[in-house]
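Participant: Turn this into a structure:
(chains A and B)
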Amino acid sequence: MNIHYSPRTSDRRVAQSMALVFLTSVSFATFAADASLSAGATSTRASIKEDAGQFARGAVQWQQVCGSCHNLRSPSELTNAEWDVAMGQMRVRARLTGQQARDITAFLKASNSSAVVPLSVLSTEGAVSPSADVGANSAAVPSEDRLAVGSDIYHKGCVACHGADGKGSVPGAPNFTDPKGVLSQADPVLQATIRSGKSTPGQPIAMPPNGGDSSLNVDGIESVVAYMRSAFLKK
Amino acid sequence: MKNTCVLAMAVVTSLAAHFAVAKEPDLNALQQQVAQLKEQLQAMEQKVNDAVADAARANQQVEVVKATVDQTNANASAANTNALNALNAPDSSDVKFRFAGGVTANYGLSSRGSPESPNSSFTGGTFLPIFLLTYKDLLAVEAHLEVTNDGAETSTSLEYAQLDLFLNDWATLVTGKFLSPIGQFQEGLHPAWINKLPDRPAGFVESGGGEPLSEVGVQLRGAFPIGSAIANYAIFAGNGPQLAPDGLSLAGYSKDNNNNKSFGGRFGLRPVPYLDFGISAMRSEVGSNASDVLSGTPGSHASHNLYDVDFAFTPPYVDIRGEYVHAKLDPVVFDDQSGAPPDLVPSTTWKLWYLQGAYRFAGISSNAVLGKFELVTRLSQSRVSGGAMDWRMFNEKRETLGLNYWWSPSLVSKIAFEHKRFENNANDNLLRLQMAYGF
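Facilitator: Numbering: from 1, shown residues only, chains lettered A, B, ... in the order given. Next up, the predicted model:
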């Protein structure tokens, strides 16, 4: 086979080589730029730490981005380490920013590995107890401080799926403004549901235990229930 | 007469007085009875109210017991997950591994059968293992095999094997054999547990001349915010396509047979949640497959240019998407490997498109079974002209209607009816069944 390199072919190869060099240069330039930033406080690579809104952002991105191509798997399908790996792949495949990938990973891991709640604690502290007075729903008016704490918890986490208006912003989320809806249940029932999570048959999204926030304690749950009643149920 | 009247009046007055005296005690008794009955009624009402309250309390207690059971189950699940996490790999591990992939099984019933292509077949049994690994937050490794069986032999191919180097939040350098970022179907939607129908859209095949499946080379890709929108990009250089006996093949080749690299990329934008637009382009120089053609002479190589636009609108329960591909290969000396002298074949043009819509019934029904059904329809067309082949035998319009049942988020049973209308061939009606699982 005879091969003759014409001037046109030679020029094309020079152009291709330059393009490859450019592509590689851009790659390492972006890496170098990020590395230089790492020395300062604004590092993107070094700033891999959880922030207050990460869980809520992750929940929204999980539903809006992941759900745009495939059904949403239960966070419990994979271990935390497997979610790390899966999200490494999906960061590339789903065209995510690094921050989006970290937010979604944080949401999935928080939803997946909520702290185990000893039932004895639940019953002794009155959060869940069949013998408790379950007929009344917070007869006492909650304090302003408790409502403020509940509002803070709600708007950092719950709002992602339940919406600022309490009417639900994702499939399967209940309407809190319905007087005969879920908020008509007794406080201990609501608190236990938040603790254990909630899955509605047929719906693609399930509420994770603790709403995905493993740091949420009994007091926080009581506060957020009080806030939801105050904010969404019209007297 | 007067005495008689007086007597009568006296009698009447006496009787009236008698009856008046006799009625007064009875009325009092009745009033007492009414009062007693009222008291009894109030007592009964109180008992009923108490019973209703007791029932409500009992229901609430049942709910609490249920919630306690749920909590117990959740605790058990969390403990199990935590134990698995501890056993498999701690979060602090630098290297993490995951084995993923999918398995599919198919059945097809065609109205246009032949001995070579039976009209009723179980096919598939395809195994698609994916090996994933991450090193810190710096590198991801992906390798995807495809193990298939054609009835006689089992074959294995490498769909992609790539290293993803995370340069920063907005850029990733990808090297190796990777899925082509052109368009949306091949890169994101072709796995069977994601594809909402058992078949691909017309023309969107793995190695044809329409949309490329994979590329071997280097790619820079990423995403970045623009206000509240998210933009994404991918640019690549690779070995490019090669001429094949049946035309052009865009399967990723691990060797460049003409030292000409292909260049391409995609720019996408998610302006609002659930909406995604993308435009793609790719340019290649394809060498002739004839062995005695001098480089630099007419037809020794040809330009191949491809353009693609795609969109997706995917609010909850809804999936609407589409894509259009236009590609053209300039005239090139082509050897059909039949022994006849190679010819300078005219340019070849590919025009492919599909439009697909799906709806999940969970949006209208809270029924646990009905909510897992999904209705899907797709229109697609593949039209190729020019080149060395008579494409009219293959040019088709395809209409597909399917119904899916999602046993779980990644386990699906599909049934679909396809109507294929060919430009110069008999129409075909197909019934397709598929079971697919992604893990």
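
Participant: Quick check: what element follows the helix or strand bottoming out on mean pLDDT in chain A along the chain?
Facilitator: Least confident helix or strand of chain A, by mean pLDDT, DSSP states H and E, is helix A:119-124 with a mean of 43. Following helix A:119-124 in sequence order, the next helix or strand is helix A:144-153 (DSSP states H and E).

Participant: Please name every helix or strand in contact with that following helix.
Facilitator: Counting contacts by 3 or more C-beta pairs under 8 Å, 6 or more residues apart in numbering or on different chains; DSSP states H and E, the secondary-structure elements packed against helix A:144-153 are helix A:218-232. C-beta here means a position set from N, CA and C on the backbone, and glycine is covered the same way.

Participant: Now do the buried residues in the helix it packs on.
Facilitator: A:218, A:220-232 (16 or more other C-beta atoms under 10 Å in any protein chain shown).

Participant: any idea of the mean pLDDT for it?
Facilitator: For helix A:218-232, mean pLDDT is 92.

Participant: Stretch B:391-403 too?
Facilitator: In the prediction, stretch B:391-403 has an average pLDDT of 94.

Participant: Does it reach chain A?
Facilitator: No: Stretch B:391-403 lies out of reach of chain A by C-beta under 8 Å from any C-beta of the partner chain, never closer than 15.5 Å.

Participant: Buried residues of that stretch, list them for me.
Facilitator: Judged by neighbour count using 16+ other C-beta under 10 Å, the buried positions of stretch B:391-403 are B:Trp391, B:Phe394, B:Asn395, B:Glu396, B:Lys397, B:Arg398, B:Thr400, B:Gly402.

Participant: Please identify which pair of these lies farthest apart.
Facilitator: Of all pairs drawn from the buried residues of stretch B:391-403, the greatest distance, 26.9 Å, lies between B:Trp391 and B:Gly402 (C-beta to C-beta).

Participant: circling back: which one of the buried residues of stretch B:391-403 is nearest chain A?
Facilitator: Using C-beta to the nearest C-beta, B:Gly402 comes nearest to chain A of the buried residues of stretch B:391-403, at 15.6 Å.

Participant: my guess is the closest one meets B:Tyr359, correct?
Facilitator: No: when contacts are counted by C-beta atoms under 8 Å, B:Gly402 is not listed as touching B:Tyr359 (11.6 Å).

Participant: hey, what's in contact with both of those two?
Facilitator: Shared contacts of B:Gly402 and B:Tyr359, defined by C-beta atoms under 8 Å, 6 or more residues apart in numbering or on different chains, comprise B:Leu375.

Participant: I'd like the distance between the residue lying closest to B:His326 once chain neighbours are set aside and B:Ser280.
Facilitator: Residue nearest to B:His326 in three dimensions, not counting chain neighbours: B:Tyr307, with 5.0 Å by C-beta to C-beta, 6 or more residues apart in numbering or on different chains. Per C-beta to C-beta, to the nearest Å, B:Tyr307 is found 7 Å from B:Ser280.

Participant: which of the two has more neighbours?
Facilitator: B:Ser280 (24 against 17; other C-beta atoms under 10 Å in any protein chain shown).

Participant: need the strands for chain A, in chain order.
Facilitator: Here chain A has no strands by DSSP state E.

Participant: remind me which residues of it are low pLDDT?
Facilitator: Scanning chain A for pLDDT under 70 picks out A:1-52, A:113-140, A:201-205, A:235.

Participant: do the same with the stretch 201-350 of chain B
Facilitator: B:208-209, B:246.

Participant: What parts of it come near chain A?
Facilitator: Looking at chain A, the residues of the stretch 201-350 of chain B close enough under C-beta under 8 Å from any C-beta are B:218, B:220-225, B:230, B:232, B:234-235, B:237, B:259-261, B:263, B:268, B:270, B:273-274, B:276, B:285, B:291-292, B:294-296, B:312, B:314, B:316-317.

Participant: same thing but 6 Å
Facilitator: With C-beta under 6 Å from any C-beta of the partner chain as the criterion, the stretch 201-350 of chain B meets chain A at residues B:Leu220, B:Ala223, B:Asn232, B:Ala237, B:Lys261, B:Pro273, B:Ser291, B:Leu294, B:Ser295, B:Gly296, B:Thr314, B:Pro316.

Participant: is it true that the fifth one touches B:Ala237?
Facilitator: This means B:Lys261. Yes: at 4.9 Å, B:Lys261 counts as touching B:Ala237 under the criterion of C-beta atoms under 6 Å.

Participant: Now B:Val333. Nearest residue, chain neighbours left out?
Facilitator: In space, B:Val333 is closest to B:Gly299, 3.8 Å off (C-beta to C-beta, 6+ apart).

Participant: how near is A:Thr79 to B:Glu423?
Facilitator: 52 Å.

Participant: The two: which has the busier surroundings?
Facilitator: A:Thr79 (25 against 16).

Participant: What does that one show for phi and psi?
Facilitator: phi -80, psi 170 (degrees, to the nearest 10).

Participant: From chain B, how far off is it?
Facilitator: In this structure, A:Thr79 and chain B are 5 Å apart, going by C-beta to the nearest C-beta, to the nearest Å.
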